[in-house]
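**Q** Pasted the sequence and its predicted model underneath.
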2 protein chains.
Amino acid sequence: MSAYIKLKEIFREASLSSDIAGILHWDMSTMMPTNSRNQRAEQLAYLSKLSHDKVSSNKVRDLISEAKNEDLNKNDLQNLKEIEREHKLAFSVPSDLVEKISRTSAKCEGEWQEAKKNSNFNLIKNTLGELINLTKEEANILGKEFNLLPYEALVNKFEPESNIKLIANVFHDLQQFLSPLINIIIEKQKSQKILPIQSKISEIKQKEIAEHIMKIIGFDFKRGRLDKSVHPFCGGSTNDVRITTRYNKEDPFSSLDGVMHETGHALYELNLPEQWSLQPVGKSRGMAMHESQSLLIEMQITRSLAFKKFLSKLLKDKFNFMDKSFDEDNLYLLGTRVEKSFIRVESDEVTYPLHIILRFNLERKIFNNEISVNDIPDAWNEEYKRLFDKKIEKDTDGCLQDIHWFAGLFGYFPTYSLGALTAAQFANQLRVDLPELDSNIEKGKFDMLIKWLKTNIHEKASFFSTNEVLEQVTNSSLNAKYFKNYINNRYL
Amino acid sequence: MSAYIKLKEIFREASLSSDIAGILHWDMSTMMPTNSRNQRAEQLAYLSKLSHDKVSSNKVRDLISEAKNEDLNKNDLQNLKEIEREHKLAFSVPSDLVEKISRTSAKCEGEWQEAKKNSNFNLIKNTLGELINLTKEEANILGKEFNLLPYEALVNKFEPESNIKLIANVFHDLQQFLSPLINIIIEKQKSQKILPIQSKISEIKQKEIAEHIMKIIGFDFKRGRLDKSVHPFCGGSTNDVRITTRYNKEDPFSSLDGVMHETGHALYELNLPEQWSLQPVGKSRGMAMHESQSLLIEMQITRSLAFKKFLSKLLKDKFNFMDKSFDEDNLYLLGTRVEKSFIRVESDEVTYPLHIILRFNLERKIFNNEISVNDIPDAWNEEYKRLFDKKIEKDTDGCLQDIHWFAGLFGYFPTYSLGALTAAQFANQLRVDLPELDSNIEKGKFDMLIKWLKTNIHEKASFFSTNEVLEQVTNSSLNAKYFKNYINNRYL
């Protein structure tokens, strides 16, 4: 057996482990009885150690060297490249550091919940400081291994081949555009007449509507599910993609928008190339690319006027919601309200990037050693003032709002807005390639959309970087102008 | 680290694997989208290989020898004994034989569904023959390893320390008792006036009733669930026990009886000693003991008049089912009807053991090489005629009805009736120890019952054999007289 074939088998088993963990995670958030938490944590730790040990072994290192001398075709070489990336990520960070980070994150996450409840940053200052120092160690190691800046190495964990300088330029450009624009849009929207949704819609009915639309869009319920959880996500395993949502009786569209977002993620996973299933190169690219797929469906499609026409007709004809708040124009206005919120997860697509830019700027300063953990609350509030021209009064409205840092996730935030920019760039091309797209959506026909996404993006899996895919599809590397045009067209 | 401590860690990890597999199995039967079947099969095969490799290794064999020379207390010695048993089971059968059996079983199970549909034994004759030959190989190997007769070694896989001669005697005794008795009971019941259940009960309501009763009995929903599946089972993992049922709108009590059966299994699992969780000695004993716990709840408790009084009152007071078919006497009569069925799973507790004795007798003949695969249909029909004095017209009513043999499960059947006998023996003692039991049950108080089961049986886990527990609790080894008395009292 060739070294490469041996590697394929090892990584297939590692993928099985993480697929199994995916089902256990889904179960934990949707079905698991409350007191099983400790047992489940043990099961997940065991699976994670199992695949870490498998992927990081010296044997794998040797097999990779051997395989490089074997006669491999282009696709196999790309798979080998991804195998090596996964191996280096697991091998280079010593397992006692991995363990320390995971233990400290668990502790920090617990303390954060307390700190958030009391809006008191001091309660987690020390543990967060520890966690940041450990993550700096990790960032330095990964930076050396992959020849990247330390912070860049963290971002690359989530979105491979990300370039921090490029991101910083794009984000700077975007911020210059958005900060003044927001005031103009808010001013403009003051004169809009919007009817709040009149009918309360039960959870069962909301689920029925959501599943109905998911089916029309092309979600395959033979290979996936929709369930309920506190925090919506897209999870499960290969060929069995499970999304979740939460329901708000007063605001039925918050759930539907969430379902559409996760459906975007799910379609990507479900359309990955079957013949590369369980191999590193057959996986979805990175979190920025993933987010581009969810936002493309949620923002570019679901919030378009064409979709609202389809939705309004569906709600009236099939579900019998007749009152005027379900009119297409009203649904469109409801879906495009802009507001300056303190809270990232409550914000709209226009202000959202500023929340991300804030976090990105702070993360860079933290990992460039420009600010220490003690400076975080003030630095946050200053940056918020600069971007939004609004004052933060309490840390729950500021640096305590998101779980990410306290769970050890640094370098993750930028992928959200990279996703939004990428989505806009794809969507622009989509409407060039398919001029009849909107008239199809109005009629509830989504097959040309899904086929386009599948061929141009989903099936490419990890054979190319996100930027390479962007260039193949749009003839341009990442560029904020598409997002800016989109915002101008929709909101001005 | 001592050899014993190392073994404990290895077997803890093997238990984690099988706990994880338990959740995946549950998911497969209750939640999983249909097209995920292949992927799930791969995941389960991976987990099973993982724990097999772990448990069967030469390293484990060496550690066991070492640990035997270490200074261990009584409980640890018992754990070591169970560790060795699990190791020998996994080590002694060559992995290529294990794989052949598993592949042939999968094939045979598929062909069996076809054969059953067409009521044509010839369609699976060859594959079943192959599977029997492979299982004979396994039985010979295990027999030598554990110093048992080949067929006995198979039964011991499911219920350790089973003695075939003892079982054969007990079953012979039981058959002599039951065959004539059945005609008498059926004759007697002809004069009973029974009202069929009048109200149809929706699935949602049936589930509500079942969960309500489960809670009253003491099932802890913080450590378990009730769901729906085609074949009811008790599964899940340590500290997270999940039972299932199916619903029949026309016959609400078929579901409730099933739920009570699985609740009996679940209580056993949930009351195992926490400090030995994930260790071999901390697991439930064997399938006969397990079945005794499910049947004790389903038959000895749920079908008692005391329970029907409680149930009738509950259905009327809380769920508002007022018609006379829900009267306690009528519920009691409904739950104790006796009929000669061809089908094991449709039969009552009086005729049930005869179905098992039939299969036990045939299995012994197969593994003693007294009959070949070609003889099975005729041998089955003759034995049925002898036991029930009734003629079988088609193989779906005979040897094609159960999945067990076609899935490679030989030696499993006897545990069902050993469980029924054991349950009766425990229940007799239970009513001696707790004379106020029935009056408590009538009032819906189950705590003394559950405490008795926990202390006398559940907490003993695998520290003793089933027969040792019987002797500790009832001062007698397995004896059919308790079951016979119970049948006489309830049915004559």
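**A** It's in.
**Q** In the stretch 1-150 of chain A, what residue spans correspond to helices?
**A** Using DSSP state H, counting those that start in this stretch, the helices of the stretch 1-150 of chain A run over A:3-30, A:37-56, A:58-68, A:74-92, A:95-117, A:122-146, A:150-158.
**Q** Same list, these, but as a markdown table with distance to chain B, mean pLDDT and mean neighbour count please.
**A** No exception for glycine: its C-beta is placed from N, CA and C like everyone else's. Putting these into a markdown table (distance: least, CB to the nearest CB, whole Å; pLDDT from 0 to 100; neighbours: other CB atoms under 10 Å in any protein chain shown) gives the following:
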| stretch | distance to chain B | mean pLDDT | mean neighbour count |
| --- | --- | --- | --- |
| helix A:3-30 | 5 | 96 | 20 |
| helix A:37-56 | 5 | 92 | 18 |
| helix A:58-68 | 16 | 98 | 15 |
| helix A:74-92 | 18 | 97 | 18 |
| helix A:95-117 | 16 | 92 | 16 |
| helix A:122-146 | 26 | 97 | 18 |
| helix A:150-158 | 25 | 97 | 23 |
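**Q** who wins for proximity to B:F426 among these?
**A** Nearest of those to B:F426, taken as CB to CB: helix A:37-56 at 29.0 Å.
**Q** Which elements pack onto the closest one?
**A** Counting contacts by 3 or more CB pairs under 8 Å, 6 or more residues apart in numbering or on different chains; DSSP states H and E, helix A:37-56 is packed against helix A:3-30, helix A:74-92, helix A:95-117, helix B:3-30.
**Q** So for A:E152, which of those helices sits nearest?
**A** Using CB to CB, the helices and strands packed on helix A:37-56 put helix A:74-92 closest to A:E152, at 14.1 Å.
**Q** Next, format the helices and strands packed on helix A:37-56 as a markdown table and append distance to A:G335.
**A** As requested, the helices and strands packed on helix A:37-56 are exported to a markdown table (distance: least, CB to CB, whole Å):
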| stretch | distance to A:G335 |
| --- | --- |
| helix A:3-30 | 27 |
| helix A:74-92 | 38 |
| helix A:95-117 | 29 |
| helix B:3-30 | 35 |
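**Q** Can you check which of these gets nearest to A:E298?
**A** Taking CB to CB, helix A:3-30 is the member of those nearest to A:E298, at 20.2 Å.
**Q** Please name every helix or strand in contact with that closest one.
**A** On a contact count with 3+ CB pairs under 8 Å, 6+ apart, helix A:3-30 meets helix A:37-56, helix A:58-68, helix A:74-92, strand A:224-228, strand A:234-237, strand A:240-245, helix B:3-30, helix B:37-56.
**Q** Which residue is the nearest non-sequential neighbour of A:L47?
**A** Among residues not flanking A:L47 along the chain, A:A21 sits closest, at 4.6 Å (CB to CB, 6 or more residues apart in numbering or on different chains).
**Q** Surely A:I243 touches A:K228?
**A** No: with contact defined as CB atoms under 8 Å, A:I243 does not count as touching A:K228 (10.5 Å).
**Q** Settle it for me: which of the two has more neighbours?
**A** More neighbours surround A:I243 than the other of A:I243 and A:K228, with 29 against 14 (other CB atoms under 10 Å in any protein chain shown).
**Q** re the thing from before, distance to B:I392 added to the helices and strands packed on helix A:3-30, as a markdown table?
**A** Output for those, formatted as a markdown table (distance: least, CB to CB, whole Å):
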| stretch | distance to B:I392 |
| --- | --- |
| helix A:37-56 | 47 |
| helix A:58-68 | 58 |
| helix A:74-92 | 57 |
| strand A:224-228 | 43 |
| strand A:234-237 | 45 |
| strand A:240-245 | 42 |
| helix B:3-30 | 30 |
| helix B:37-56 | 33 |
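**Q** For A:R364, find the nearest of the ones you listed.
**A** For the helices and strands packed on helix A:3-30, the distance to A:R364 is smallest for helix A:74-92, at 21.3 Å, taking CB to CB.
**Q** any idea of the angle that closest one forms with helix A:37-56?
**A** Between helix A:74-92 and helix A:37-56, the angle comes out at 120 degrees (axes from the mean of the first three to the mean of the last three CA atoms, to 10 degrees).
**Q** From the chain's centre, how far out is stretch A:354-367? Work that out for me.
**A** 17 Å (CA atoms, centre = their mean, to the nearest Å).
**Q** residue with max distance from the center of chain A?
**A** In chain A, the greatest distance from the average C-alpha position (CA atoms, centre = their mean) is reached by A:M1, at 38.6 Å.
**Q** Tell me the confidence at that one?
**A** pLDDT recorded at A:M1 is 87.
**Q** Contact partners for A:H25?
**A** A:H25 is in contact with A:44, A:235, counting by CB atoms under 8 Å, 6 or more residues apart in numbering or on different chains.
**Q** Look up how far A:R12 lies from it.
**A** Per CB to CB, to the nearest Å, A:H25 is found 20 Å from A:R12.
**Q** What of A:N485?
**A** According to CB to CB, A:N485 and A:R12 sit 43 Å apart.
**Q** before we move on, what about A:F319?
**A** To A:R12, A:F319 is 44 Å away according to CB to CB.
**Q** cool, A:I366 as well?
**A** Distance from A:I366 to A:R12, by CB to CB: 38 Å.
**Q** Over to A:K54?
**A** Using CB to CB, we find A:K54 at a distance of 10 Å from A:R12.
**Q** With A:E86 instead?
**A** Taking CB to CB as the measure, A:E86 falls 12 Å from A:R12.
**Q** Near chain B, which residues of chain A are found?
**A** Contacts of chain A with chain B, taken as CB under 8 Å from any CB of the partner chain, map to A:13, A:16-17, A:19-20, A:23-24, A:27, A:31-36, A:38-40, A:42-43, A:46-47, A:50, A:220-225, A:237-240.
**Q** Tell me the residue of the stretch 301-450 of chain A that sits nearest chain B?
**A** Here the residue of the stretch 301-450 of chain A nearest chain B is A:I450; by CB to the nearest CB that distance is 17.5 Å.
**Q** wait, what's in contact with that residue?
**A** A:217-218, A:267, A:271.
**Q** Show me which of those residues are buried.
**A** For those, a neighbour count by 16 or more other CB atoms under 10 Å in any protein chain shown gives the buried set as A:217-218, A:267, A:271.
**Q** so which two of the residues you listed are the farthest from each other?
**A** A:I217 and A:N271 (12.5 Å).
**Q** What are the neighbouring residues in contact with A:A153?
**A** Going by CB under 8 Å, 6+ apart, A:A153 touches A:139, A:142-143, A:145-146.
**Q** Name the nearest residue to it, sequence neighbours excluded.
**A** Of all residues not flanking A:A153 in the chain, A:L142 sits nearest, at 3.7 Å (CB to CB, 6+ apart).
**Q** Cheers, nothing more for now.
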